[in-house]
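Asker: give me a model of this one.
(2 chains)
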Amino acid sequence: MIKMARPGLFSILFISTLLAFLGSVVVGSSYVGGRELLTVLSGTADQTTRLILLEIRLPRALLGLMIGMTLGLGGAVLQGFLRNPLAEPGLIGVTSAASLGAVLTIYSGLSALFALALPIGGITGALLAVLLIQLLAGNNSSTLRLILAGVAVTSFASALTSLVLNLASNPFIALEIMFWLMGSLADRSFEHVWLSAPFMLLGWCLLLLQGKALDALTLGEEAAQSLGFNLNHIRSYIVIGIALSVGAATAVAGAIGFIGLVVPHLLRRWVAHKPSSLLLASGLGGACLTLLADIAVRILSTGTELKLGVVTALIGAPFFLLLIMKTQKELP
Amino acid sequence: MKLLEARGISIQFGEREILNDIHFNLGKGELIGLIGPNGCGKTSLLRTLAGLLPTKAQQLAILGQDLAAWNPQHLAQKLAYLPQGNTSHWAVSVETLVMLGRLPHRKAWAARSQTDKDIVQQALQACDVAQFATRTVDTLSGGERARVFLARALAVQPALLLADEPIAGLDLGHQLDVMEKFRSLSNAGMGIVTVIHDLTLAMRYCDKLVMLGGHGIIAEGIPKQVLTAENLAQCFHITAHMGAIEGIDYLIPLATLKH
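Answerer: This is a model prediction of the structure:
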């Protein structure tokens, strides 16, 4: 029965993601319908429609797709690796370090000088976080040490981000930082896509390759090792994969929380709890949910646009609480 | 050729010495019981033999090849390790769990082959769990769980099996079943090392016992030679009654010795 359901699940997720992607291209403050879409595709569209679709909506939809994929996949990998349904990419400090890197470029004025400084700062932050985590957690260490190192990096990066806000003498810069920290896909261009896509793709490859190791980890670390998996290598691949993909995602869109937590959890039962089957499913699910949330942001906004990160947190935080309560009941 | 040949194994956790200068051999078709009091280092020794603990050993060879020289995946095809506790972190189906034992035999991207499926079916049947292959592991009783995890180890089709207290928590019938299973596997050529607390079953089924205590081996050899009144007193601080009924030896602990 489960085997029958699985191809079905993937087609549903794939089609939903595709529809959400098209929706993301179509929905916005100025209406673009199917006819306009066709004119653009056939190259007969007028200047304004082309500009809206190709320069504004398309990069936004592409980023939503890729960032959602990154967060869903990253969450599924980390939950499988740490064998904990409460894990998510933010847990190992990458998100906050990427945020710090980006915030520093805003604070120093670099981002005002050239637009790409912001994502570059974010990715640099993420990579530094990984180096720090590898240094703190060591190459030969337990999962617990990895989590603790992640907590330490997160606290430190958050403290530094607060310090930057604290020291920002210019209220406009402080406001810009605040807005950026909330996480959004608005006003992103193809430059952002090109800059972040290679890192995300590379990260995905590293993460998707770990399926069998994650399956083996169902039996615990020792049994997985006895099945021929080198956990030190796998830990490194996963940490680097998360840093590249989530770091790049955070660098262009700010912190978008809870997608990586909620999606794997919702989909787990549909893949019969098998960690390797959850990877792609969760990636697609994350893409779909992020695109939908980003559409919701545009529909709900009147005047001031709601920030995507705020909306996902508003939905995600109560869900997280429910999850904790449910886990408590299940545990003996 | 020995399946497993270890000389001069010493295990330390930080400053604390667990075992010192242990020699251990396992031959083809041999079933060895590892006995000793709690905390004497049985599990640590088993983990070391499985290559899961870094060790200072003069020599540790599996199938005649030094442990360090083994490719991890190739080693995993020959050696199965069954840890204590039968942990499954996700509620996967019994069949999926047993299929994990085939991972060392599959290439990185290969799907499960018909051979894999057949071997999993055999392992399920051998451990008497085929009837609930589609159930998820979180719905099983302790005894059912233990047999499913044994099936997972057998699905590896290893040359040697290192099992840590595989019959702990099983009812008497299933304890006998598992030991019978071990006996027939070793008769078929598999080398098995098992940590075991039930000395009557250890005596009955094992070819050889290794008694650990005081950072070293107290005694080893044929069960009856190992389980002497003197050794039991030294190792477990007990007196015991030994007898035989219908040709089956048994051991009943009588009293603990003050020390």
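Asker: from here on, just use CA atoms for contacts and neighbour counts.
Answerer: Will do.
Asker: how close does the residue nearest the centre of chain B sit to B:Ala80?
Answerer: Most central in chain B under CA atoms, centre = their mean is B:Ala163, positioned 1.9 Å from the mean C-alpha point. The gap separating B:Ala163 from B:Ala80 is 8 Å, by CA to CA, to the nearest Å.
Asker: element containing the residue of the stretch 101-250 of chain A found nearest chain B?
Answerer: Using CA to the nearest CA, the single residue of the stretch 101-250 of chain A nearest to chain B is A:Gly228, 4.3 Å away. Of the helices and strands defined by DSSP states H and E, none includes A:Gly228.
Asker: can you check the one 4 residues further on too?
Answerer: Assigned by DSSP H and E, A:Asn232 belongs to helix A:231-253.
Asker: contact partners of the helix or strand that that helix is followed by?
Answerer: Note on helix A:231-253: by DSSP H and E, the next helix or strand toward the C-terminus is helix A:259-267. With contact meaning CA atoms under 8 Å, 6 or more residues apart in numbering or on different chains, helix A:259-267 is reached by A:68, A:71-76, A:85-89, A:278, A:281-282, A:285-286, A:289-290, A:312, A:316, A:319-320.
Asker: list the contacts of the residue nearest the centre of chain A.
Answerer: Nearest to the mean C-alpha position of chain A, by CA atoms, centre = their mean, lies A:Leu71 at 2.9 Å. Counting by CA under 8 Å, 6+ apart, A:Leu71 makes contact with A:89, A:246, A:259-260, A:283, A:286.
Asker: ditto for A:Val246
Answerer: Counted by CA under 8 Å, 6+ apart, A:Val246 has contacts A:67, A:70-71, A:74, A:89, A:94-95, A:200.
Asker: do B:Ala146 as well
Answerer: B:86, B:166-167, B:170.
Asker: quick check: residues of chain B near chain A?
Answerer: B:50-52, B:72-77, B:79-83, B:86-93, B:100-101, B:103-104, B:108 (CA under 8 Å from any CA of the partner chain).
Asker: neighbours of A:Ile238, just the number please.
Answerer: 22 (other CA atoms under 10 Å in any protein chain shown).
Asker: show me the helices in the stretch 101-250 of chain A, by range?
Answerer: A:110-113, A:117-137, A:143-167, A:171-182, A:190-208, A:211-216, A:221-226, A:231-253 (DSSP state H, counting those that start in this stretch).
Asker: avg pLDDT for the longest one?
Answerer: If I follow you right, that is helix A:143-167. Helix A:143-167 carries an average pLDDT of 88.
Asker: gap between it and the chain center?
Answerer: Averaging C-alpha positions (CA atoms, centre = their mean, to the nearest Å) puts helix A:143-167 18 Å from its chain's average.
Asker: elements contacting that helix?
Answerer: helix A:94-107, helix A:117-137 (3 or more CA pairs under 8 Å, 6 or more residues apart in numbering or on different chains; DSSP states H and E).
Asker: narrow the contacts of B:Ala146 to those in helices?
Answerer: The helices, defined by DSSP state H, take in nothing from these.
Asker: can I get those in a markdown table with neighbour count and pLDDT?
Answerer: Formatted as a markdown table, the contacts of B:Ala146 follow (neighbours: other CA atoms under 10 Å in any protein chain shown; pLDDT from 0 to 100):
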| residue | neighbour count | pLDDT |
| --- | --- | --- |
| B:Asn86 | 18 | 91 |
| B:Pro166 | 23 | 93 |
| B:Ile167 | 25 | 92 |
| B:Leu170 | 19 | 86 |
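Asker: closest to chain A out of these?
Answerer: For these, the nearest to chain A is B:Asn86 (7.7 Å; CA to the nearest CA).
Asker: pretty sure the closest one is touching B:Phe149, no?
Answerer: Yes. Between B:Asn86 and B:Phe149 a contact is recorded at 6.2 Å, counting by CA atoms under 8 Å.
Asker: okay, now the unreliable bits of chain B?
Answerer: B:259 (pLDDT under 70).
Asker: now the helices for it?
Answerer: Using DSSP H, helices in chain B cover B:42-49, B:72-78, B:94-99, B:114-126, B:142-154, B:172-187, B:199-205, B:223-226, B:229-236.
Asker: and stretch B:175-188, C-alpha only, in CSV?
Answerer: This file holds the C-alpha atoms of stretch B:175-188, laid out as CSV (Å, rounded to 0.1, in the frame of the first residue of the first chain):
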residue,chain,number,x,y,z
GLN,B,175,15.9,-17.2,24.2
LEU,B,176,16.2,-20.9,23.3
ASP,B,177,15.2,-20.1,19.7
VAL,B,178,17.9,-17.4,19.3
MET,B,179,20.6,-19.7,20.8
GLU,B,180,19.5,-22.6,18.6
LYS,B,181,19.7,-20.2,15.7
PHE,B,182,23.2,-19.2,16.7
ARG,B,183,24.1,-22.8,17.0
SER,B,184,22.9,-23.7,13.5
LEU,B,185,24.5,-20.6,12.0
SER,B,186,27.8,-21.5,13.5
ASN,B,187,27.4,-25.1,12.4
ALA,B,188,27.0,-23.7,8.9
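Asker: who touches that stretch?
Answerer: B:28-31, B:126-127, B:147, B:166-167, B:192, B:201, B:205-206.
Asker: same thing but at 6 Å, please
Answerer: B:29-30, B:167 (CA atoms under 6 Å, 6 or more residues apart in numbering or on different chains).
Asker: try stretch B:121-140
Answerer: B:91-95, B:147, B:151, B:154-155.
Asker: contacting residues around residue 242?
Answerer: Defaulting to chain A. Per CA under 6 Å, 6+ apart, neighbours of A:Ile242: none.
Asker: chain B was what I was after
Answerer: Contacts of B:Met242 by CA under 6 Å, 6+ apart are B:250-251.
Asker: cutoff 7 Å now
Answerer: B:250-252 (CA atoms under 7 Å, 6 or more residues apart in numbering or on different chains).
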